[in-house]
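[1] Give me a 3D structure for the following:
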Amino acid sequence: MSDLKLIVLMVVALGTLVIAIVVSNWGDEQPQGARGPSNLIQGLDPSLIATIKVTEGESTVTLKRDSDTFVVTDKSSYPATMKEINRLINNCLDIKTDNLVTSRSANHDELEVSDEKATKRIEITKADGGILASVIVGKTVTEPRGTYIRQAGSDDVYASTNVPYMRADAMSYINKELCDAEREKIVRVSIRNGNDKYVLSKQEGKVVLETVPEGKQLKESEAKQAFEALAGLNCSDVHKSIEGLEFNQTFLCSMEDSTIYTVELAKKDDKTYAALSCVFTDQSDVQINPQGKDSEEELKAKEAKLLGKAAGEKFNVRHKGWTYEIASWQADRLTKSLDDLLEDLPEPEPEEVETDEDAATEQPAADEAVPLGPVLEPQPAPALPAIEEVIPAEEAPAEAK
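    Here you go, the predicted structure:
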């Protein structure tokens, strides 16, 4: 090979290397969005989460791990519902970075992703206070469609089309349903409201008042509302303690499985508060036949009893020491007065009595034809028997002979 050809090959190789370096550097400077969407939060281990803090404007809620669950610190550490906690964590992990918008911190205020102007923020920390993830949510635009987001500590701002709605009010992470008593399994309700004390029970599928005053009858719709008042009872707020409450109204609800729920009620400042508890009255032991001779029906009954006792204990653990604020319409159903359930019997309709005047009005007018009934055809007179048939010959008088 000649020196000239060697020099040419060296120049070509050097040029190829320069082009490769330029292309490689250019690719590193491309916006991340050009390589396709990716997760904003990566490598987060949910088991390391100790605290989750969600902030929106002036509202903030803090969720703190307590053993295998979380509590809402803003509500005196009331237990949070794990369904909502898991939803919040999964929604954060699913946030995608569709397009890189800017990497300059000077643009953060305009996009509302600065610490001062953030629309919303969620911070996830470890037990030692170290930050696992901190997402700042900015304003939402329609063209191009998306919401601006960035991780705290990074200047990179992305547009994302799947930023979830993250609620910053404490009650969103609390199970508001206080009791899940099934309507079909309620057998008896006892209500004490001041001087009113009455019992409603179910007989042949119908709600009845055990003692109905004379001259009164039960309003079926009102009675049904009171009888089923515990089913679906929920709260609007929860408190550890409230001074000055006087629980002077009681609602007792008996179930088929011998569980009795008690709701004590108090009113203060036009609000109604409730305290809940229950007792499983069947305290007999459950004995499983070691020979395996229990019938399927017996096993189901014993299982139902064990489940009922366990549910009652769980119910008391959850509600002990807590006071709940309930809506006024639900309080009205739990505390109906006896007058609300009763109405006067309807007056009997008077019997119609015919008067002389009524009889007179029923007489036909003088010129009105009066029907005489069916016309009978004249019948011939019956024939008389012959004399001979009446007087035998041998008995005839002597003169005739």
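[2] Tell me which residue lies nearest the centroid of this structure.
    Centroid-nearest residue in the chain: residue 232, 5.8 Å away (criterion: C-alpha atoms, centre = their mean).
[3] Let me see the contact set for it.
    By C-beta atoms under 8 Å, 6 or more residues apart in numbering, the contact list for residue 232 reads 177, 179-180. (Glycine included, C-beta is placed from N, CA and C.)
[4] State the helix or strand in which the nearest residue to residue 172 once chain neighbours are set aside lies.
    With sequence-adjacent residues excluded and distances taken as C-beta to C-beta, 6 or more residues apart in numbering, residue 172 is closest to residue 84, at 6.6 Å. Assessed by DSSP states H and E, residue 84 sits inside helix 82-93.
[5] Which residues does that helix contact?
    Taking C-beta under 8 Å, 6+ apart as the rule, helix 82-93 contacts 39, 41, 44, 46, 49, 52, 54, 63, 69-70, 122, 124, 133, 135, 164, 166, 172-173.
[6] Filter those residues down to just the ones in strands.
    Judged by DSSP state E, the subset of the contacts of helix 82-93 located in strands is 39, 52, 54, 63, 69-70, 122, 124, 133, 135.
[7] what ranges do the helices span in this structure?
    Taking DSSP state H, the helices of the chain run over residues 3-28, 82-93, 108-111, 220-227, 296-319, 328-334, 338-341, 356-361, 387-390.
[8] Export the second one to CSV, keeping only CA atoms.
    Taking only C-alpha atoms (Å, rounded to 0.1, in the frame of the first residue of the first chain), the coordinates of helix 82-93 have been written out as CSV:
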residue,chain,number,x,y,z
MET,A,82,-55.2,1.0,53.6
LYS,A,83,-57.2,1.0,50.4
GLU,A,84,-56.7,4.8,50.1
ILE,A,85,-53.0,4.6,51.2
ASN,A,86,-52.2,2.0,48.5
ARG,A,87,-54.1,3.9,45.9
LEU,A,88,-52.1,7.1,46.7
ILE,A,89,-48.7,5.2,46.5
ASN,A,90,-49.6,3.4,43.3
ASN,A,91,-50.8,6.6,41.7
CYS,A,92,-47.5,8.4,42.5
LEU,A,93,-45.4,5.5,41.1
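[9] what residues are up against residue 223?
    Residue 223 touches 200, 207-209, 341, counting by C-beta under 8 Å, 6+ apart.
[10] Next: residue 45.
    residue 132.
[11] For residue 62, which non-adjacent residue is closest in space?
    According to C-beta to C-beta, 6+ apart, the nearest residue to residue 62 is residue 73 (4.5 Å).
[12] From residue 209, how far out is that neighbour?
    From residue 73 across to residue 209, the span is 47 Å (C-beta to C-beta, to the nearest Å).
[13] Low-confidence stretches in this protein?
    1-36, 289-292, 352-401 (pLDDT under 70).
[14] Now do the domain split for it, please.
    32-173, 183-286+298-344 (automatic domain parsing).
[15] and the first one, how far out from the chain's middle?
    Relative to its chain's centre, domain 32-173 lies at 29 Å (C-alpha atoms, centre = their mean, to the nearest Å).
[16] again, but for the last one
    Offset of domain 183-286+298-344 from its chain centre (C-alpha atoms, centre = their mean): 17 Å.
[17] That one: end-to-end distance?
    Taking C-alpha to C-alpha, to the nearest Å, domain 183-286+298-344 runs 28 Å from one end to the other.
[18] about what we covered before: my read: the residue nearest to residue 62 touches residue 66, true?
    No - using C-beta atoms under 8 Å as the test, residue 73 is too far from residue 66 to be in contact (9.8 Å).
[19] Comparing those two, which shows the higher neighbour count?
    residue 73 (17 against 12; other C-beta atoms under 10 Å).
[20] From residue 63, how far out is residue 124?
    Counting by C-beta to C-beta - residue 124 and residue 63 are separated by 10 Å.
[21] Now do the shared contacts for the two.
    Common neighbours of residue 124 and residue 63 (C-beta under 8 Å, 6+ apart) are 51-53.
[22] got the residues you listed as TSV, with neighbour count and distance to residue 244 columns?
    TSV is the format used below for these (neighbours: other C-beta atoms under 10 Å; distance: C-beta to C-beta, whole Å):
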residue	neighbour count	distance to residue 244
51	17	34
52	24	34
53	17	33
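[23] ok, so of those residues, who is nearest residue 310?
    residue 52 (30.0 Å; C-beta to C-beta).
[24] That closest one contacts residue 124, correct?
    Yes - judged on C-beta under 8 Å, residue 52 makes contact with residue 124 at a distance of 5.5 Å.
[25] Would you confirm that residue 312 contacts residue 259?
    Yes - using C-beta under 8 Å, residue 312 is in contact with residue 259, at 5.7 Å.
[26] Now do the shared contacts for those two.
    Common neighbours of residue 312 and residue 259 (C-beta under 8 Å, 6+ apart) are 278-280.
[27] Quick check: the gap between residue 313 and residue 280.
    For residue 313, the distance to residue 280 - C-beta to C-beta - is 8 Å.
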